[in-house]
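Engineer: Okay, predicted coordinates and the sequence, questions at the end:
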Amino acid sequence: MIDIAGFQVEEKIYESVRSVVYRAKQIEGDRPVILKTLKDEYPDPQEILRYRREYETTRHLNVAGIPQPIGLQRVSNRLVLITEDIGGQDLKKLLKTHTFTLRQLLKMAVDTVRILGEIHAANLIHGDIKPSNIVFNSQTNHLQIIDFGSSRTLSGAVPVGETQMLAGTLSYMSPEQTGRMNRPVDWRTDLYSLGAALYELFTGNLPFETTDALELVHAHIARLPMMPSELDAEVPVGLSDIIMKLLSKNPEDRYQSTRGIEADLSECLERLKTTGRINPFPSGPAGRIRQISGIPQTGWPAKRTRYPGGSLRPCQPGWERNDVRCRSDRDRKNRSRSRSR
């Protein structure tokens with residue numbers, strides 16, 4: 001246990017390779033707080049800098065869904081980050097001890113996306129979205145996104161070739177965040193990590209169940225996870241499609257902002273409330289345009305419709321019209337003949 005003047009430490013609630021987190025009370029005012037500190041007695045200067053950056057970042061971040069910082073104190077050679085405590089547990093732990101209904105999980109997902117949207121609106125990439133960084137109080141239904149140690153401003157997004165964002169967690173890391181792709185890292189890395197977190201939230205499993213680092217990197221870059229609806233029959237296909245879109249390898253194929261995700265998850269929640277089920281529906285802004293124009297809710301045309309480029313093949317929800325999967329076999333054969341000439 002850590003000894004810090006003015007605080008009464010109650011219990012250790014989390015421990016990682018680098019950090020320890022305690023639940024405590026601030027003696028003055030009897031205020032519940034969270035104390036986060038480095039494990040090493042003589043920590044690396046980069047780790048100390050990381051704590052200072054997290055404190056400065058959250059201190060100037062006006063977002064209701066994150067823990068409000070109270071202070072940053074030095075204890076011996078270590079720093080202690082002090083934040084408010086909402087009395088909850090992280091979702092990683094809660095999923096092991098509690099059983100939530102689909103409706104409750106969807107509400108948590110919507111709240112998480114809304115908070116992430118506010119973080120992005122504040123010109124910030126979180127960089128480490130995962131269930132253990134989402135805290136929920138089941139008594140008050142209060143949810144927060146925590147741990148901004150891997151965050152950076154959007155203007156400071158990692159350019160091509162740099163690997164600074166590897167401070168995230170590999171099991172939830174986007175392909176571009178691994179540093180193995182010739183792609184810059186921007187806010188859409190959080191959307192991939194969100195997809196991995198939702199995958200675990202609704203199925204109880206990670207998209208890729210392996211502890212081998214190289215295998216995980218390869219999986220994020222080249223492998224497709226099993227559809228959540230195939231892994232768990234309780235997960236509706238419409239919800240499964242949303243999660244898989246978030247887990248697209250190319251950032252351009254994911255949702256492009258949290259607004260679309262929040263709208264689609266809210267649609268799932270509304271359908272569950274009103275009909276008790278969630279059928280597949282067109283996801284994203286393009287999907288809602290098709291919905292308004294009279295195309296059936298499943299996103300598949302009732303008749304074989306000729307699409308731009310002469311394709312007779314209907315597109316699935318979330319596919320763009322110029323997607324190669326939307327083109328007819330005849331179109332692909334013609335292109336093949338052209339290349340062979």
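Structural biologist: Arrived safely.
Engineer: switch to C-alpha atoms for all contacts and neighbour counts from now on
Structural biologist: OK.
Engineer: so what's Ile278 up against?
Structural biologist: The neighbours of Ile278, taking CA atoms under 8 Å, 6 or more residues apart in numbering as the test, are 236-239, 268, 271-272.
Engineer: Could you check how far it is from Glu234?
Structural biologist: Between Ile278 and Glu234 the computed distance is 11 Å (CA to CA, to the nearest Å).
Engineer: List the ones among the contacts of Ile278 that fall in strands.
Structural biologist: Assignment to strands by DSSP state E places none of these there.
Engineer: Just put those residues in a markdown table and tack on pLDDT.
Structural biologist: A markdown table is the format used below for the contacts of Ile278 (pLDDT from 0 to 100):
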| residue | pLDDT |
| --- | --- |
| Pro236 | 95 |
| Val237 | 93 |
| Gly238 | 93 |
| Leu239 | 96 |
| Cys268 | 95 |
| Arg271 | 94 |
| Leu272 | 94 |
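Engineer: Restrict these to the buried ones and give me that as a PyMOL selection.
Structural biologist: Provided next is the PyMOL selection string for whichever of the contacts of Ile278 are buried by 16 or more other CA atoms under 10 Å:
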select buried, resi 236+237+238+239+268+272
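Engineer: which of the contacts of Ile278 lies closest to Ile86?
Structural biologist: Cys268 (27.8 Å; CA to CA).
Engineer: Kindly tell me how buried Leu269 is, as a neighbour count.
Structural biologist: Neighbourhood size, Leu269 [other CA atoms under 10 Å]: 23.
Engineer: do you know how far it is from Leu191?
Structural biologist: Distance from Leu269 to Leu191, by CA to CA: 20 Å.
Engineer: Tyr172 now?
Structural biologist: When Tyr172 is compared with Leu191 (using CA to CA), they lie 10 Å apart.
Engineer: One more: Gly276?
Structural biologist: Taking CA to CA, one finds Gly276 at 27 Å from Leu191.
Engineer: How about Ile2?
Structural biologist: In this view, Ile2 and Leu191 are 36 Å apart by CA to CA.
Engineer: quick one, which of those two is more surrounded?
Structural biologist: Leu191 (29 against 16).
Engineer: mind checking pLDDT for the more buried one?
Structural biologist: Confidence at Leu191, expressed as pLDDT, is 98.
Engineer: I'd assumed Leu246 was in contact with it.
Structural biologist: Yes - the pair Leu191 / Leu246 is scored as a contact, 6.0 Å apart, by CA atoms under 8 Å.
Engineer: Overlap of the contact sets of these two?
Structural biologist: Common neighbours of Leu191 and Leu246, counting by CA under 8 Å, 6+ apart, are 254-255.
Engineer: ok, the contacts of Ile278 vs Leu154, which is closest?
Structural biologist: Ranked by distance to Leu154 (CA to CA), the contacts of Ile278 are led by Leu239 at 28.7 Å.
Engineer: Give me the spatial nearest neighbour of the closest one, chain neighbours excluded.
Structural biologist: Closest residue to Leu239 in three dimensions, ignoring its sequence neighbours and counting by CA to CA, 6 or more residues apart in numbering: Cys268, at 6.9 Å.
Engineer: List the contacts of that neighbour.
Structural biologist: Here Cys268 is in contact with 106, 238-239, 278 (CA under 8 Å, 6+ apart).
Engineer: For Glu56, grab the count of nearby residues.
Structural biologist: Glu56 has 14 nearby residues by other CA under 10 Å.
Engineer: What of Leu124?
Structural biologist: When neighbours are defined as other CA under 10 Å, Leu124 has 23 of them.
Engineer: ok, it touching Gly149?
Structural biologist: No - Leu124 is beyond contact range of Gly149, at 12.0 Å (criterion: CA under 8 Å).
Engineer: ranges for the strands of the protein?
Structural biologist: Under DSSP E, the chain gives strands at 7-15, 19-26, 31-38, 69-75, 78-84, 89-90, 124-125, 134-137, 142-145, 152-153.
Engineer: Mean pLDDT for the ones you listed - can I get that in a markdown table?
Structural biologist: Formatted as a markdown table, the strands of the chain follow (pLDDT from 0 to 100):
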| stretch | mean pLDDT |
| --- | --- |
| strand 7-15 | 93 |
| strand 19-26 | 95 |
| strand 31-38 | 95 |
| strand 69-75 | 93 |
| strand 78-84 | 94 |
| strand 89-90 | 96 |
| strand 124-125 | 94 |
| strand 134-137 | 97 |
| strand 142-145 | 98 |
| strand 152-153 | 88 |
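Engineer: most packed of these?
Structural biologist: Most buried of the strands of the chain, by mean neighbour count (mean count of other CA atoms under 10 Å): strand 124-125, with a mean of 24.
Engineer: and Tyr22, what does it touch?
Structural biologist: Contacts of Tyr22 by CA under 8 Å, 6+ apart are 9-14, 34-36.
Engineer: excluding its backbone neighbours, what's nearest it?
Structural biologist: Nearest one to Tyr22, counting by CA to CA, 6+ apart, is Lys12 at 4.3 Å.
Engineer: quick one: which of the strands of the chain is nearest Ile48?
Structural biologist: strand 78-84 (6.9 Å).
Engineer: residues making contact with the closest one?
Structural biologist: So strand 78-84 is contacted by 32-38, 40-43, 48, 51, 55, 67-74 (CA under 8 Å, 6+ apart).
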